[in-house]
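# following is a predicted model, sequence given first.
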Amino acid sequence: MRGQEAPCGLSAEPPPRTGTAMPAKGPLQSVQVFGRKKTATAVAHCKRGNGLIKVNGRPLEMIEPRTLQYKLLEPVLLLGKERFAGVDIRVRVKGGGHVAQIYAIRQAISKALVAYYQKYVDEASKKEIKDILIQYDRTLLVADPRRCESKKFGGPGARARYQKSYR
């Protein structure tokens with residue numbers, strides 16, 4: 001096979017690029033961060049854009065359950081839409097239940113904005129954003145380490161024991 005074309009029609013060099021795919025407008029400014037709650041993990045990609053926030057390809061307003069809609073919007077409501085106007089955030093979330101996913105998403109959105117401002121804007125505005133978020137709710141930036149304790153033998157749960165009878 002030496003000296004021949006690679007198998008399956010693959011060549012060593014990529015095909016020439018045409019200018020129709022994406023217009024070049026400077027270097028791509030993006031950060032990738034994650035948010036976690038219990039077993040739910042949300043990965044957020046934050047890049048320069050025009051204020052778009054999507055979760056699994058759907059806008060924030062379409063995320064279920066509706067009762068926790070404000071929990072998702074907390075970072076936006078706290079910081080104001082003008083801070084999100086210059087960035088697009090796309091979030092992928094998997095694992096956990098509905099509530100844990102909501103908390104993972106809001107943490108990922110908050111951490112993504114802080115990381116973007118730290119890397120591409122200035123340190124002062126990043127510190128201001130971080131202080132606002134931590135003052136409101138620390139779990140917006142810091143993961144909650146609590147996990148469910150596993151059940152042990154000799155009882156119905158993790159700590160409770162079966163009732164003991166002497167007679």
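Sure thing, it's come through. Numbers count the residues shown, from 1 in each chain.

# quick one: buried residues of the helix ranked longest in the chain?
If you go by DSSP state H, the chain has its longest helix at helix 98-120. Neighbour counts over helix 98-120 (16 or more other CB atoms under 10 Å) mark 100-118, 120 as buried. For glycine as for every other residue, the C-beta is placed from the backbone atoms N, C-alpha and C.

# and it, what does it pack onto?
strand 30-37, strand 40-48, helix 69-79, strand 87-94, helix 123-136 (3 or more CB pairs under 8 Å, 6 or more residues apart in numbering; DSSP states H and E).

# pLDDT on that helix, on average?
Predicted confidence along helix 98-120 averages 95 (mean pLDDT).

# model confidence score at residue 60, please.
89.

# that one against residue 52, yeah?
No: at 10.0 Å, residue 60 does not count as touching residue 52 under the criterion of CB atoms under 8 Å.

# more crowded one of these two?
residue 60 (18 against 13; other CB atoms under 10 Å).

# any weak-confidence spans in this protein?
Using pLDDT under 70 as the threshold, the predicted model of the chain has low-confidence ranges 1-26.

# residue contacts, residue 136?
For residue 136, the contact set (CB atoms under 8 Å, 6 or more residues apart in numbering) comprises 74, 78.

# again, only this time at 10 Å
Contacts were defined as CB atoms under 10 Å, 6 or more residues apart in numbering; by that measure residue 136 touches 74, 75, 77, 78, 79, 110.

# the fifth one and residue 135 touch, don't they?
No: contact between residue 79 and residue 135 fails when scored by CB atoms under 10 Å: they sit 11.8 Å apart.

# which of the contacts of residue 136 sits closest to residue 143?
Within these, proximity to residue 143 (CB to CB) peaks at residue 110, which comes in at 11.5 Å.

# mind listing what that closest one touches?
Contacts of residue 110 were listed using CB under 10 Å, 6+ apart, and they are 33, 35, 44, 74-76, 78-79, 129-130, 132-134, 136-137, 139-141.

# buried subset of these as a ChimeraX selection?
Isolation of the buried members of these (16+ other CB under 10 Å) is achieved in ChimeraX through the command below:
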select :33,35,44,74,75,76,78,79,129,130,132,133,137,139,140,141
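
# greatest separation within the contacts of residue 136: which pair is it?
Using CB to CB, the pair of those lying farthest apart is 77 and 110, separated by 11.8 Å.

# who is residue 88 paired with across the strands?
Taking DSSP bridges, one finds residue 47 as the beta-bridge partners of residue 88.

# just give the number of residues close to it.
16.

# and if you look at residue 131?
In terms of burial, residue 131 registers 10 neighbours under the definition other CB under 10 Å.

# repeat that for residue 45.
Using other CB under 10 Å, the number of residues around residue 45 comes to 15.
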